Structure formats: C-alpha cells, structure tokens
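>>> sequence isn't available, so here's the structure alone:
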C-alpha cells in the first residue's frame, strides 16, 4: 500500500479504530465483489473487519463530496475500492470512469446525539455499488445491533431510530433502508444503474483528513488521487469544474442552491432519469428557466402541488411548489420521494433563499 | 369411510395451515410464486417482486396485503395476478413512505385481478415500460372524492404498447385512468367514476379509447397535449363507443394541476392535439358540455409547441341532455340566453397563437363537428381571457370527413407475457 493511501485514510478512521493495533486484516475479496449472487454478509467482502470494532479495510480510499445528498441527517462515510493495479479515469462531466471490480462504499451512521457529531457512531447500513463487466450492481447491507457485521437486505427495511439532540430531547427517525428497486429508482440513468456522487466537479475539494495531513495545507482530493496513481487523465486544477459547497456561506446563494438541487433532486429530475416525464430538470448544467421550474406548471403533481400554480414563482417561495414539496414529510407530497423522513431545514432554507432571490423576467438564476 | 375421509381432509388442512405459517411465500410450481395475505404480506410481496425471475407468475391469494411502503416491480416478463379486484387488495391505508402504490419499471408485465386501495400518491404507475397490461384491476380511494386523494389511479407514463382492459378507478384527485407521453395505447371495457377526470390521454401518440364508462367525474374523457414535456404533439386518438354519462362531481383537483381548469360537467374534452376522432359515443347528462374543444389555456415558453386542436372529427355521437349547468365563467348567463342550456358542443374559437419569441401563427384547424349545435366563444387568439368571449351559435363545423387514424394494434405485445 502506498503511503499516500495511508495518509488519505485520515480522520474518518481515527474515530472508529486505533490503526495499527489490530492484526493485519485480510485483503478485500474481488471474487466476492464480482460474484453473480451477492454474499450474505458484508464481512464476506473484507471491506470491514468482522467482529467487535469492525473497522474499514486500509485498502479503501475515503472520499467526500462538496455537496452530498441529504439522508435524515445521517453521517456518511464514503470509500472507493480499486482492484490492485487499476485506476479511475477522469471525466469532465458525469461520473468518473471506474475499472471492473471497483466499488463505491457508503456507510450511513448516527451519533448517539446530534450535539456530538461524529461521536459514538452507530452504523445503520452500508450501500455498495460495484462495477461489474456488464454494469453497476447495487446492494445494501444492514448492520446488526452489536455493530459486528451487516446482512444483505434486498427487500428493504424500516427502522425506528432515536438520536439525542439539544436539551436532552431525542429525535425519532423513521429510517428506511431502500430495497434494490428503490436503489435503482435514483441510480438509473436511461434504465442503467449508475453512481451519482463521484463526479469530478463534486470531488473537486479537500481530501478526507486533508487538514490533518502532517500539518500541511488541505490537499485537493483529485490532485492527491492523481499523485497516488488512483486517477488518470486529470487536467490542471484550473480546468477541473467545481460544484459549490451547498453550506459554505462564503459562496453565493444561487450556485449553492443549484448544487443542492443537482445533488438532491437531479438524479431523478434529468432528461434520462426517473422523473424525465415531469419536464422539471434540476441538473447543475440546465439553463432553460422553464425546465428549472420558473413559471412551470405541474404535470402529474396531484396534491403535491399544494394548491400552488408553479414550481418556482420567482421571488416568492411561499407560492413555489418546489419549496412546498421540500418542506413536506408526507408520502405523495414530499420530495425527494425516497431517502428522507425529516425536513432538511438548512436545505429548505437555502432553496427558499434561492427562490426569494430570483427576479421575474428572463434572467439566469 | 366418510368419517375417515373427513379426518384425512382435516389433517391435510392442518398441515397446510402450519406450513403456511412457517413460510407464507412458497414457490409451489416452477414459475409460480404464491404470496399469502395477512400480517407482513406487504413486505413478503415486495420480496417476491424483487426475487421474481423473468417468466414467473406472482400469484396473490385473496385477502388484504397491507403495504407500509410503495411496492415496485423491475423484473421483465412477469405476471402479477390476484384472485380478482374484489378479493385481492393491496391496501396502502398505512403507507409511510414512497409515492406510488405499485410501480412497474420493467417490460412485458401483466397486472391483473387485483385492487389497489388508498395509495398516498398514484395507484399503479408504469414508467418507461414497453408492453404493459392492466386487466381487471380496481384502483380506489375508498373515502370518496377528496382533494387529498392520490392523483392518478392507473398511470402508465412514457410507456408503449399499453393495454388497459376491464379496469375500474374511483376517487382520483386528477385522472382515474391517465396515460401520459406514451405510444400505442388501448383503453377498453373500463369504468372511471368519481374522479376529477375519468379517462385522460395526455401527450400520447396512437390511442384508442372505446367501450368504457365515464360517469360522475368532473370531466369524462379528456384528450390533452401540454407544453414543455419530452413527448409533445399528441396525435391519432380515437374516442368511440363509450358511455359518458352524468359527469357531475364538482371538480376537486388541487389547484395548479391542469385538470383543475376542467369545468364540472364536461363530457369529452379535446385540448391541443391533432387527429382526434370522437364518434359513436353516448354523451348524456353532462352539465357543462357534451364535447368541449379548446386550445391550451396558459402562456407557454416552448416554441415547438402547438396549443391548437387540429384535425378533430366529431360525428355520430348520441348526444342527450347536456349543457344545463355550465360551470365555466359566464356559463349561467349563456345558458339563460340559450333558453336554459348551452349548446352541447363548446368550442373556444381560438384559431391562432403566438409562439414565444415568434410571430402569429394562424392555420386551418380542420375541426369538423357534425354533432351540433356548437357554441363558439370566438376568442380568436390563444391566451385571450374568457371575459373577452364573443359567443356565437354555429349549426355545424363543416368540412370533408377526415381520415380516421388506423386502429391501434399492440403487435401481439400484450399477449406475449405468460
């Protein structure tokens, strides 16, 4: 293993395990990753060590996104696995190109209390997207109560979770582990399963643990990967597009909101996605105002319209269906349809501020 | 002997019961997956829908299948079959997540002999499916017509080779049977009641709607084309031999949706589209109009969209008493002026439009209406408000008979599934 990969492990692991204390874990099983029938347990892959203090394999590359998908305030740990001797290939648009056998691993976890993020994390589920020769395969593993291993759940699962919050109160979360069809609903592009997050523009930010890299300045994720030989074809930094960080107050509201909508909505709301028939397209590249919702009347919203006339009424979030649906937790009204049971207050605030800042008339949002 | 036989029968019954208690989802014959009703059946059904192999029949026993989440099928060439729309019920009363009742995203699928009740969003949706059949299916919101009901009952969208046969939908807050942005569609022998729209064909190419009953909706049968969508320019639709009766439920659509604009008591409505033929229907008891021909109402930003209805042929319909309670602006005044009821065919009289960023387009519409008389509002240009109407009575809209679209065939697609 290269020292770069070790360095890149950084903070994410530090809270979970004492590196070096455990015996050297078994390597990740490419055979398990490429099996036609997915293994029953997450430990079968070697992605995590089995048993108490199950910890992620040192062969994984942790990563983060400038703007992530909201999932009921879950904390997410993301890793990439690359088979030995392989690399990802840079793509300026869309997701990076991954070699066969590569896996994207995302673990959803909650702290004991939202007041102490990152502490006493309880893992809920780990989702895998594995690059097979004939396309991507999605599977979800649900962690047992002891946190020693996770079991394959293809049919989904409902979990009643409770997480501490301010003033000793706790937040009840009706957490849904998606079934394989629901995985595909968001991940399908023109009918084919595809990753959503790892686009160059959304990866163009500091590496995980960057600030802790020997006291040096935060290192750029894509630069680090290029130097480490995990990513080929990366152009000069200035030529790499960058998705804004949705919650960075130093950036303008409009681009932040467009990044937020891109990541939270556009996996369905694009011309090849599940919501293609809606005519509402929220990708970061979209420049057609009507397609972005400005003055756009609903097509099949039903009561999801909330009695409002248009998706976005410029300057008027209270009369915008988009804000109404983001603010809802009611099945049949709420957007996104999957992946949340709580309102993302900070996201809603951003969307409302974006709509409030839009002027009527032909002006780019 | 009889006693012994009885004992054997009850022993067998006992065994069956205990077995089904252990594993209620049994594969009893190659290709047939049995799913029993009762506790946990929603989850078991979802598992069966996921684990099905192409060619399988998923057989649902009689009873209620309580589903806490949307159900979905993404395996091609599968039949989902119940014991009848009155006996096998997918119940979404306790739905906590997901928008649709049952969602289908795979090709060559048959859904038959079952019911979907009280879905939080749409009843049964198919998206992007080639070859889908809904047969003897009931979708219902059992609390009656309410704004809080789901939008569509049976809802194929962006699909092709769609057969809807013997379906019944009640209570949808948009359209009971709604087919959107699809090609090669047949809706037959079906019933839509107490919905906002009974049957709606929207942005579709090649659709036959025949031998259906649309009653007690706000509007009976609608053929619409809307702007700003991936599939536009709806055409080649035949609406024939239907009964469109007493559509009198006050429009309860949530505002913002296009059907909220449909006047209560509309029989058949054609908005935009071309090559639409309406014939041999029985249209009676609809308070606003038997047939309403209209341009798209609102402003639009899509320069490639044509908001006008063109090449529409209305003939040989059996038109009873309609127009006696016109529920559109100025309707009651008009009814008074015409001696208590407006003429059965209503046309907005829009003959031109201005595409965004373009110049006025005025075209020969070829609206041929042999069933009259007709009330034209003579609005002229698209977007002119009703307050500027200049009502005129016309006996017929004359013109040579228009060539009828070819009958829709499903190319044997619908029968290909097992």
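Nice, I can see it. Small disclaimer: the values here were computed from a predicted structure and weren't measured. Residues are numbered from 1 along each chain as shown, chains lettered A, B, ... in the order given.
>>> which pLDDT value belongs to whatever residue of the stretch 301-418 of chain B ends up closest to chain A?
Proximity of the stretch 301-418 of chain B to chain A (C-beta to the nearest C-beta) peaks at residue B:301, 4.3 Å away. Every C-beta, even on glycine, is put in place using the N, C-alpha and C of the backbone. Reported pLDDT at residue B:301 in the predicted model: 91.
>>> now do the strands in chain A.
For chain A, strands defined by DSSP state E occupy the ranges A:61-63, A:75-81, A:88-89, A:103-110, A:122-132, A:135-143, A:150-152, A:157-164, A:170-177, A:188-189, A:192-193, A:231-232.
>>> from chain B, how far off is the nearest residue in space to residue A:242 that is not next to it in sequence?
Counting by C-beta to C-beta, 6 or more residues apart in numbering or on different chains, residue A:242 lies nearest to residue A:204, which is 4.3 Å off, once chain neighbours are set aside. Shown here: residue A:204 relative to chain B, a distance of 31 Å by C-beta to the nearest C-beta, to the nearest Å.
>>> next: residue A:43.
The gap separating residue A:43 from chain B is 23 Å, by C-beta to the nearest C-beta.
>>> any idea how many residues pack against residue 103?
You didn't pick a chain, so chain A it is. 25 (other C-beta atoms under 10 Å in any protein chain shown).
>>> ah, I was thinking of chain B
24.
>>> quick one: it is in a helix?
No. Counting by DSSP: H, G, I helix; E, B strand; the rest coil, residue B:103 is not found in a helix; it is strand.
>>> list the contacts of it.
A:181, A:185, B:70-73, B:124-127 (C-beta atoms under 8 Å, 6 or more residues apart in numbering or on different chains).
>>> what's the answer for residue A:355, then?
A:312-317, A:320, A:322-323.
>>> just these: which are in helices?
Members of the contacts of residue A:355 lying in helices (criterion: DSSP state H): A:322-323.
>>> domain parsing for chain B?
According to automatic domain parsing, chain B comprises the domains B:20-140, B:155-404.
>>> what would the ones you listed look like in JSON lines with distance to residue B:149?
Converted to JSON lines, the domains of chain B look like this (distance: least, C-beta to C-beta, whole Å):
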{"stretch": "domain B:20-140", "distance to residue B:149": "8"}
{"stretch": "domain B:155-404", "distance to residue B:149": "4"}
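>>> hey, least reliable of those by pLDDT?
For those, mean pLDDT drops lowest on domain B:20-140, to a mean of 92.
>>> which one of the contacts of residue A:355 is nearest residue B:175?
Nearest to residue B:175, judged by C-beta to C-beta, of these is residue A:322 at 23.1 Å.
>>> now the two most distant members of the contacts of residue A:355.
Using C-beta to C-beta, the contacts of residue A:355 span at most 13.3 Å, a distance reached by A:315 and A:322.
>>> more crowded one of these two?
residue A:322 (26 against 13).
>>> quick revisit: give me the subset of the contacts of residue A:355 touching chain B.
Subset of the contacts of residue A:355 in contact with chain B: empty, counting by C-beta under 8 Å from any C-beta of the partner chain.
>>> now the buried members of the contacts of residue A:355.
Neighbour counting by 16 or more other C-beta atoms under 10 Å in any protein chain shown classes A:312-314, A:316-317, A:320, A:322-323 among these as buried.
>>> which residues in chain B form helices?
B:2-22, B:41-51, B:331-337, B:413-416.
>>> enumerate the residues of the stretch 51-200 of chain A near chain B.
So the stretch 51-200 of chain A meets chain B at A:154-156, A:158, A:174, A:176, A:179-182, A:184-185, A:188, A:191 (C-beta under 8 Å from any C-beta).
>>> rerun at 10 Å
Within the stretch 51-200 of chain A, the positions near chain B by C-beta under 10 Å from any C-beta of the partner chain are A:154-158, A:174, A:176, A:178-185, A:188, A:190-191.
>>> in helices, which of those appear?
A:180-185.
>>> of all of chain A, which residue lies closest to chain B?
For chain A, C-beta to the nearest C-beta, closest residue to chain B: residue A:302, 2.5 Å.
>>> my read: residue B:218 touches residue B:250, true?
Yes. Assessed by C-beta atoms under 10 Å, residue B:218 is found in contact with residue B:250 at 6.7 Å.
>>> quick one: residues contacting the residue most central in space within chain B.
Geometric centre of chain B, nearest residue: residue B:177, 1.7 Å, by C-alpha atoms, centre = their mean. Residues near residue B:177 by C-beta atoms under 10 Å, 6 or more residues apart in numbering or on different chains: B:123, B:134, B:139, B:152-156, B:164, B:167-169, B:187, B:190-192, B:195, B:197-201, B:209, B:212, B:214, B:221.
>>> quick one on the thing from earlier: and the contacts of residue B:103, which is closest to residue A:132?
Using C-beta to C-beta, residue A:181 comes nearest to residue A:132 of these, at 18.3 Å.
>>> which one is that closest one nearest to, not counting chain neighbours?
residue B:72 (4.0 Å).
>>> tell me how many other residues surround that neighbour.
That count, for residue B:72 with other C-beta under 10 Å as the rule, works out to 24.
>>> repeat for residue A:165
13.
>>> could you do the one 3 residues further on as well?
Per other C-beta under 10 Å, the neighbour tally for residue A:168 reads 8.
>>> report whether the expected contact of the residue of the stretch 301-418 of chain B closest to chain A with residue A:293 is present.
No. Using C-beta under 10 Å, residue B:301 is not in contact with residue A:293, being 11.7 Å away.
>>> for whatever residue of the stretch 251-400 of chain B ends up closest to chain A, give me its contacts.
Closest to chain A within the stretch 251-400 of chain B is residue B:256: 3.5 Å, counting by C-beta to the nearest C-beta. Residue B:256 makes contact with A:297-298, A:301-311, A:319, A:321, A:324 under the criterion C-beta under 10 Å, 6+ apart.
>>> any of these buried? List them.
In the contacts of residue B:256, the ones that pass as buried (16+ other C-beta under 10 Å) are A:297-298, A:301-306, A:308-311, A:319, A:321, A:324.
>>> from those residues, which two are the most distant?
In the buried ones among the contacts of residue B:256, two members sit farther apart than any others by C-beta to C-beta. They are A:302 and A:319, at 18.0 Å.
>>> what's around residue A:237, how many residues?
12.
>>> against chain A, how distant is residue B:115?
Going from residue B:115 to chain A by C-beta to the nearest C-beta gives 18 Å.
>>> so what sits opposite that residue in the bridge?
On the basis of DSSP bridges, residue B:115 is bridged to residue B:89, residue B:138.
>>> that one contacts residue B:134, doesn't it?
No. Between residue B:115 and residue B:134 there is no contact under C-beta under 10 Å: 11.7 Å.
>>> now for the two: what residues contact both?
Joint contacts of residue B:115 and residue B:134 (C-beta under 10 Å, 6+ apart) are residue B:123.
>>> that older thread, excluding residues flanking it in the chain, which one is nearest the residue nearest to the centre of chain B?
Closest to residue B:177 by C-beta to C-beta, 6+ apart is residue B:199, at 4.6 Å.
>>> pull up the gap between the one you found and residue B:221, please.
Residue B:199 sits at a distance of 5 Å from residue B:221 (criterion: C-beta to C-beta, to the nearest Å).
>>> residues contacting the residue nearest to residue B:269 when sequence neighbours are not counted?
Excluding the flanking residues, the one nearest residue B:269 by C-beta to C-beta, 6+ apart is residue B:292, at 4.3 Å. Listed by C-beta under 10 Å, 6+ apart, the contact set of residue B:292 reads B:219, B:222, B:262-263, B:265-271, B:286, B:328, B:344-348, B:375.
>>> mind redoing it with 7 Å?
Listed by C-beta atoms under 7 Å, 6 or more residues apart in numbering or on different chains, the contact partners of residue B:292 are B:266, B:269, B:346.
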